[in-house]
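Asker: Provided below are the primary sequence and the corresponding predicted coordinates.
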Amino acid sequence: MSRGNPCSPFALLTLWVCATSLSRSFNELLQPPWGLHARKVYLTLLEWLLAILEQRLVCKHKLSPVIDVINIYTLQSTAVIRRQASVSTVSEALVLNGYVGASPLSPTIAMSLSTLELYRRIQLCKPSFSVEAFAKVICDLYKWPYHRCYRNVLADCFDVYLMMRCKIGQQVSEALGHNTANWRVLNSCPPCSYELEDEPELKFCKMIVFDGNNSLSCMAPLGGREVGNQHIFNSDYFLDPEFVDKFADEVKSGPQPSDANVTTTQHLHGEHASTATAPTSVCTDNWKAARVDMKKKSWGIFEETGVFACACRHSITQWIVDMIRSGELFKYPLSIVSMALDVLGPRLLIGYDVGCKLATTISSSSLATLFAENECRMCVDAFHGYTHNYACQDINHPNVIEGIGLEDLATMERIFSHSNQLAPVIRYASAYNRRMFIDMLFRQWDKDKYLNLSNMLYGNYKQALRIINEDGFALQEAKHSLGISDGDIKVWRAEQSEYLRACGQEPEYDIHAIAYVEMLQKLRDARAASENASSLFLGATPSDYQYSTVNTSYTNDLSHTRKIETQRRHATEQYDQILHEVTALEVEMGIMRRWEPIDPQYIDTIKFIATRSFHKSLANLQCLVVQRLFELHKLNISKTSYHMRTHIAKSLQTRCKAIQNAVKIYNEAVLTLNPSAPMLDWSKVSHYGFLEEFTLLQDTRQDIWSKRWTEPAVCEVIKQSLWIERAHEEVTRCNVEIRHLHTAIVDEQILFAAVLKQLEKARDPLYGAVDKYCERQQRINAHILYRINDIFALNGFSGSKTTGIHKGQQVDKGTGSISTSVDALISISEDHTDESDDGFDDSDATAGDIGGLVDYISELAIA
């Protein structure tokens, strides 16, 4: 039996693949002429599936035409299309024979469903593999010279094929009850959303993170051209642009203070709302996303400049927003925050690279009241946190937030590292195809992350237990040797936080006094310059000078004398001008006697000016050192290109010289201080790895160094204590999430059995598609439960090994035609093999250089 035979096992497999799909939306309003045949085509596909399953294909055919075909498996160039008497259109006949035509009415060439499915599978696994590349592969196998028409045929057939899959997936979702509003967001990640009755209450119910990425941009039509394909691919991932634009006016576009400290209100669960004063001006300067919206511009050549995406802590995507002809405006995160408050519920922890700045924006927006009532909180992620000033990190960094566990919130960096592969495929795509490919990519990503849920929880649990057991023992030894108690750590931690809140804030000082003293210094220098110029001028007068209309010696020195006179006049004029300004200030300030260098007011002002200059030189040195550390680490990353490594190496050579110069300027500024600050040298600065080492230098008071929490060993003990606290929180969260996942799988098995029984009884054409979807999901669930069983066997596991009851739903788990035991579910997957004990699959390495960089940055920030 040939592969082209619709009754063959190969055709049955092809149809099964085409018929099974997760729930996804489908756009009924396709442009003609396919819109007229879409429903008939997908119903024909379902009819064929049911007929094959029941082995009752009708063999009465009309005239069997021959058509050119492309089949990568058989390499056939033509095929006889058998047409049943009941089939009214060519499109239906082609689908019944396993092909999709390039046009709906009179196709001259068709692609086999197996070929289209192969490309779909390749594209899901390798998003950068384009339609054109696959068309070239086909031409090479057929020994045809490549022509663009083959690419167009493949693209048209692939669109129709995905259209059929979308529609069938939609019908499967309706049959399973997965078509309610926001069903995907509320159910795609059971550890986050599948809440149970009588479970321990977590400080944060859910953790989400969002960020923008400009790699998935798309070119705008050039030269006044209009796009022919105007229809939109409907996806439940994307938020409506009109909804997003509602928040365009939430951010004030006026000038904002660059040096002022911003008061940020963080609403914490279980506590009264507290106001934390954190200087966010440095964070604003470091990140483009934190700047005023009016400054966030984009190239005019792009229609969509990228995407702004949101995901949960398990890397499962929640929502996507298209950034349209703009940079990373705050309306994009505000729209997602609004959706999260409406859909996900209370006590959300939201990570963003400029979460400190966004928190102030939310507090002044229409979302402020709802955000506070739901006890939500913003923070920064570990990946971006290293450039925030240390006072901001002390409040917003994941390592110091109670209840967050070991989560680094660097999820979006890993997701974008994967989605960047799609950029060259969609750069010039239509709006429909761009969204279609993005939807495919994120949907497959979510499937992969769902499969990896138990591995992630297993790895997190093992990591937390290792920290508690090994690092906990080391912490006890360190506390004993240093004579430190838990109470001391708590007190010193509070002292350090209080110090950091005040450190770096420029104290209020009389700006007029500063200006007055600076003018006095200029006046002193101008007086000296004027007196020096007058002395030079008088010294140039000949000793035998006598006035005469004819003086030969004086005429000979005329040029030199004129230059000296010009210098004297300029110096005198400058002195007079500064003296006028000083006098005006004295009148304005009511100063009766000009300040002298021995006056207390003058001395205090000079001290403040010296301290300010010292802080500026220290900030410049800190910036250069952090950039050096960042580039040194990236230089060793495997996926950094040769040209990038060469560029970084050259930059490091230049930056090392710049650091040495900055150290010199810093030491010169130190000499002006009273009391003096510690001097630095190149060998010491080159080993700085933590931002607080620079922060402590900012304080010129000697009493700060008498605090025990400034000692390096004590600092490490405080950090280790925080890390162990986070590990205990991670164990608690994992216990809850593991039970969520376990219960969700068991409840889903019961749902599958009930739906399949109902469809089989009604002889519904959807039975085959739903059955194959359920079978695939059962195999995935078996894999997950296998790893959950490994978690149960961990030495130190403290959670429940039984399932719970989903909130708002009573489920009788003692009935049903499907077993709910772990062993029974594992038996579904006979080819299941043991996995390594690290708890992570290869998909976790897709972050490439980001993975190592996150670890590095976590250490660099607070560790």
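Answerer: That came through, no problem. Computed from a predicted model, the values in this text were never measured in an experiment.

Asker: Could you use CA atoms for every contact and neighbour count after this?
Answerer: Noted.

Asker: Phe383 and Ala410, how far apart?
Answerer: Shown here: Phe383 relative to Ala410, a distance of 6 Å by C-alpha to C-alpha, to the nearest Å.

Asker: same thing with His740?
Answerer: To Ala410, His740 is 23 Å away according to C-alpha to C-alpha.

Asker: for the host helix or strand of Asp604, what is the average pLDDT?
Answerer: Here Asp604, judged by DSSP states H and E, is contained in helix 600-634. With pLDDT averaged residue by residue, helix 600-634 scores 68.

Asker: in the stretch 701-850 of the chain, which ranges drop under the pLDDT threshold?
Answerer: Residues of the stretch 701-850 of the chain meeting the criterion pLDDT under 70: 701-706, 810-850.

Asker: just the helices in it please.
Answerer: Here the stretch 701-850 of the chain has its helices, by DSSP state H, counting those that start in this stretch, at 712-762, 767-792, 822-826, 849-861.

Asker: ditto for the stretch 251-400 of the chain
Answerer: Listed in chain order, the helices of the stretch 251-400 of the chain (DSSP H, counting those that start in this stretch) span 281-286, 331-343, 355-363, 368-373, 382-385, 390-396.

Asker: With respect to Asp446, which of those lies nearest?
Answerer: For Asp446, the closest of these is helix 331-343, at 18.3 Å, according to C-alpha to C-alpha.

Asker: Compute the inter-axis angle for the closest one and helix 355-363.
Answerer: Per axes from the mean of the first three to the mean of the last three C-alpha atoms, to 10 degrees, the angle that helix 331-343 makes with helix 355-363 is 70 degrees.

Asker: And the contacts of helix 331-343?
Answerer: Residues from elsewhere that reach helix 331-343 (C-alpha atoms under 8 Å, 6 or more residues apart in numbering): 182, 186, 210-211, 243-248, 250-251, 308, 310, 319, 321, 323, 362, 367, 370-371, 374.

Asker: Could you rerun that using 7 Å?
Answerer: Contact with helix 331-343 is made by Val244, Asp245, Phe247, Ala248, Phe308, Val321, Leu367, as judged by C-alpha atoms under 7 Å, 6 or more residues apart in numbering.

Asker: gap between Asp790 and Gly459?
Answerer: The spacing between Asp790 and Gly459, counted by C-alpha to C-alpha, is 11 Å.

Asker: can you check Phe752 too?
Answerer: Separation of Phe752 from Gly459 (C-alpha to C-alpha): 30 Å.

Asker: same check, this time on Gln393
Answerer: For Gln393, the distance to Gly459 equals 26 Å [C-alpha to C-alpha].

Asker: tell me the contacts of Arg202?
Answerer: Careful, residue 202 is Leu and not Arg. Counted by C-alpha under 7 Å, 6+ apart, Leu202 has zero contacts.

Asker: Okay, now the unreliable bits of the stretch 401-550 of the chain?
Answerer: The stretch 401-550 of the chain contains residues with pLDDT under 70 at 499-510, 540-550.

Asker: on that earlier part again, turn the helices of the stretch 701-850 of the chain into JSON lines, columns for mean neighbour count.
Answerer: Converted to JSON lines, these look like this (neighbours: other C-alpha atoms under 10 Å):
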{"stretch": "helix 712-762", "mean neighbour count": "20"}
{"stretch": "helix 767-792", "mean neighbour count": "21"}
{"stretch": "helix 822-826", "mean neighbour count": "17"}
{"stretch": "helix 849-861", "mean neighbour count": "19"}
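
Asker: what's stretch 794-813 in contact with?
Answerer: Residues outside stretch 794-813 that contact it (C-alpha under 7 Å, 6+ apart): Tyr194, Glu195, Leu196, Glu197, Asn735, Arg739, His742, Thr743, Phe792.

Asker: err, stretch 583-595, not the other one
Answerer: With contacts defined as C-alpha under 7 Å, 6+ apart, stretch 583-595 is touched by Tyr516, Tyr602.

Asker: and that stretch, how far apart are its ends?
Answerer: Length of stretch 583-595, first residue to last, C-alpha to C-alpha: 12 Å.

Asker: now the strands for the stretch 201-350 of the chain?
Answerer: Taking DSSP state E, counting those that start in this stretch as the test, the strands found in the stretch 201-350 of the chain are 206-213, 218-219, 262-266, 274-278, 302-312, 317-324, 348-351.

Asker: Show me which positions of stretch 132-142 end up buried.
Answerer: Within stretch 132-142, the residues scored as buried using 16 or more other C-alpha atoms under 10 Å are Glu132, Phe134, Ala135, Lys136, Ile138, Cys139.

Asker: Give the rounded mean pLDDT of it.
Answerer: When pLDDT is averaged along stretch 132-142, the result is 95.

Asker: how many other residues sit next to the residue nearest to Asn182 when sequence neighbours are not counted?
Answerer: Leaving aside its sequence neighbours, Asn182 sits nearest to Val343 (C-alpha to C-alpha, 6 or more residues apart in numbering; 7.5 Å). Val343 sits with 14 neighbouring residues when counted by other C-alpha atoms under 10 Å.
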